[in-house]
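1. This is a predicted model, with the sequence first.
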Amino acid sequence: MSVSRAALRGIALTASVAAAILSLQATPAAAKPSGGSVVVVSEPGVVTVTKPDPAVRTKVAPAIADRAAPAGRVALAAYVGDNSAIHCQGGVPPCQFNIHKEFSRTITPGGGSSGQLRSKGTAFVDAYTCPGCGFRQADYYNTTSTSGWYGSSPFNANSVKHSDVWDIDYTAIGWEFSGTPAGTLNLGSGRLSYENSQSDTWYITHNVAHVKIGIRGWPGSINRVKYEAHGGFQFGSTYYTTDAYSSVALT
């Protein structure tokens, strides 16, 4: 049986269309966690960064709550770190606590209406010690933080920047760190910073699994554990910042 060239072309076109449809069906949609957000950075087991789904035109603050102890670790006390707080005493078992802080301010962007800017973050901290040797290591588990604009006009800022800072005060010949997301800045002297910027949005959220900061050499000890959440917001030619600081002394 002979088949005309036109018929062959029709069969080929049909197969091509079918293949394209299958390809579209097999292409996964952009990741959308619950709560109307989209993932902009994903480093499995290290960090997830999200921003609002631009299709959602209502504002619900991301849930940022004190973190539970990771598997195998139990918090010694229900304690929340704050500025200049003193909590941990040397000895065994290690010192464990939630450290967090929130800062907000009210602004009126040019041509817009009054609203709040907020930065907030929290982490579960495990500070390791041993008898007679002081605190040697601070582990920040499950850092969750956000910076956002909660006004209605304009709905979005021109850009939002959000950063976490993990920091220790210490007496030792050196320090080291691990677990940080790609792009983390080593600011020296026990201080690390991780930030992201997004345009035409109203918040950014970070979820960082585990950042470890320790000291090297003997003798030596960590004297204070600190955490910061910072936001930067551009509205036209005006730039605003939000800065939340928390500090816990280890004594």
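-> Thanks, I have the structure now. Residues are numbered from 1 along each chain as shown.
2. Check which residues of stretch 220-237 are buried.
-> Neighbour-count burial for stretch 220-237 flags 220-222, 224-235 (criterion: 16 or more other Cβ atoms under 10 Å). Bear in mind the C-beta positions are built from the backbone N, C-alpha and C, glycine included.
3. Considering these, which is situated nearest to Cys95?
-> Val225 (8.9 Å; Cβ to Cβ).
4. Which secondary structure state does the closest one sit in?
-> Secondary structure assignment for Val225 (DSSP: H, G, I helix; E, B strand; the rest coil): strand.
5. Could you list the low-pLDDT ranges of the stretch 51-200 of the chain?
-> Scanning the stretch 51-200 of the chain for pLDDT under 70 picks out the ranges 66-94, 131.
6. run the last query once more with 90
-> By pLDDT under 90, the low-scoring segments of the stretch 51-200 of the chain are 57, 60-101, 124, 126-135.
7. Which parts of it are strands?
-> Using DSSP state E, counting those that start in this stretch, the strands assigned to the stretch 51-200 of the chain run over residues 80-81, 85-88, 95-107, 115-130, 134-149, 157-171, 174-178, 185-188, 191-201.
8. Export these as CSV, with columns for distance to Gly36 and mean neighbour count.
-> Formatted as CSV, the strands of the stretch 51-200 of the chain follow (distance: least, Cβ to Cβ, whole Å; neighbours: other Cβ atoms under 10 Å):
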stretch, distance to Gly36, mean neighbour count
strand 80-81, 28, 18
strand 85-88, 35, 18
strand 95-107, 21, 20
strand 115-130, 18, 22
strand 134-149, 13, 24
strand 157-171, 16, 22
strand 174-178, 33, 14
strand 185-188, 30, 11
strand 191-201, 12, 18
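9. who wins for proximity to Thr50 among those strands?
-> Short answer: strand 134-149, nearest of the strands of the stretch 51-200 of the chain by Cβ to Cβ, at 9.0 Å.
10. who are the neighbours in contact with Pro109?
-> Gly115, Gly151, Ser153, Pro154, Ala157, Phe235, Gly236, Thr238 (Cβ atoms under 8 Å, 6 or more residues apart in numbering).
11. Same check on Gly190?
-> So Gly190 contacts Asp167, Ile168, Asp169, Tyr170, Trp175, Ile213, Ile215 (Cβ under 8 Å, 6+ apart).
12. Pull the contacting residues for the third one.
-> For Asp169, the contacting residues are Gly190, Ile222, Asn223, Arg224, Lys226, taking Cβ under 8 Å, 6+ apart as the criterion.
13. can you give me the mean pLDDT across stretch 230-239?
-> Across stretch 230-239, pLDDT averages out at 98.
14. Endpoints of it, how far apart?
-> Stretch 230-239 has an end-to-end distance of 13 Å (Cα to Cα, to the nearest Å).
15. what separates that stretch from the chain centre, distance-wise?
-> 19 Å (Cα atoms, centre = their mean, to the nearest Å).
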